[in-house]
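Engineer: kindly return the folded structure for what I paste below:
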Amino acid sequence: MPFSLPPLFHVGIIVEDFDRAVADYEKRWGANTEQITDLTFSTAELHGEKVGFSARYGFIRTGSSEIELIQPLDGRSPYTEFLDLHGEGVHHLAYVVGSIDRCLESLRAAGEAGRVTFEATIAGKTRFVYLDGLAHGPAIELIETTGEDA
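Structural biologist: All right, here's what the predicted structure looks like:
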């Protein structure tokens, strides 16, 4: 049985200049950016290799989902790769799931060949992966809340 997508959580957009992008959304759409956070990942995995990088993240509410603006700050990441290949734009569609591993098993059982290109954990409580080859362009992000506060 194929894996059913839950409601869209957010659309991830990679930007070169976070402040400029925020100003554009505010000017054009009257949208305010919330939850602006700089995160550093020291043990992420990109294409099977350990990488360390940092990025700035901010969310804009758009009704039932959000837009996530992401600016890479330092190091090699899925975001720097995207900017190098495509410039700014839509990077991923994000979905919150109960278990990333169960979702991956369901996809594989259905014959889907989506490959995990990136995996990381935030503060030991939120795990996320990017999958390529499943959405006709953008990556699919699966997000799982783990740890004590799950």
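Engineer: quick one, longest helix in this structure?
Structural biologist: helix 18-29 (DSSP state H).
Engineer: average pLDDT for it, rounded please.
Structural biologist: Averaged across helix 18-29, the pLDDT comes to 95.
Engineer: does Asp38 really touch Ala55, like I thought?
Structural biologist: Yes: Asp38 is in contact with Ala55 according to Cβ atoms under 8 Å; the separation is 7.3 Å. All C-beta atoms are positioned from the backbone trio N, CA, C, and that covers glycine.
Engineer: need the residues touching each of these two.
Structural biologist: By Cβ atoms under 8 Å, 6 or more residues apart in numbering, Asp38 and Ala55 have these common neighbours: Leu73.
Engineer: the more surrounded of the two?
Structural biologist: Between Asp38 and Ala55, Ala55 has the larger neighbour count (other Cβ atoms under 10 Å), namely 21 against 13.
Engineer: got the contact list for the stretch of helix or strand Gly12 belongs to?
Structural biologist: Under the criterion of DSSP states H and E, Gly12 resides in strand 10-14. The contact list for strand 10-14 (Cβ under 8 Å, 6+ apart) reads 21, 59, 65-72, 79, 82-83, 88-94, 138, 141.
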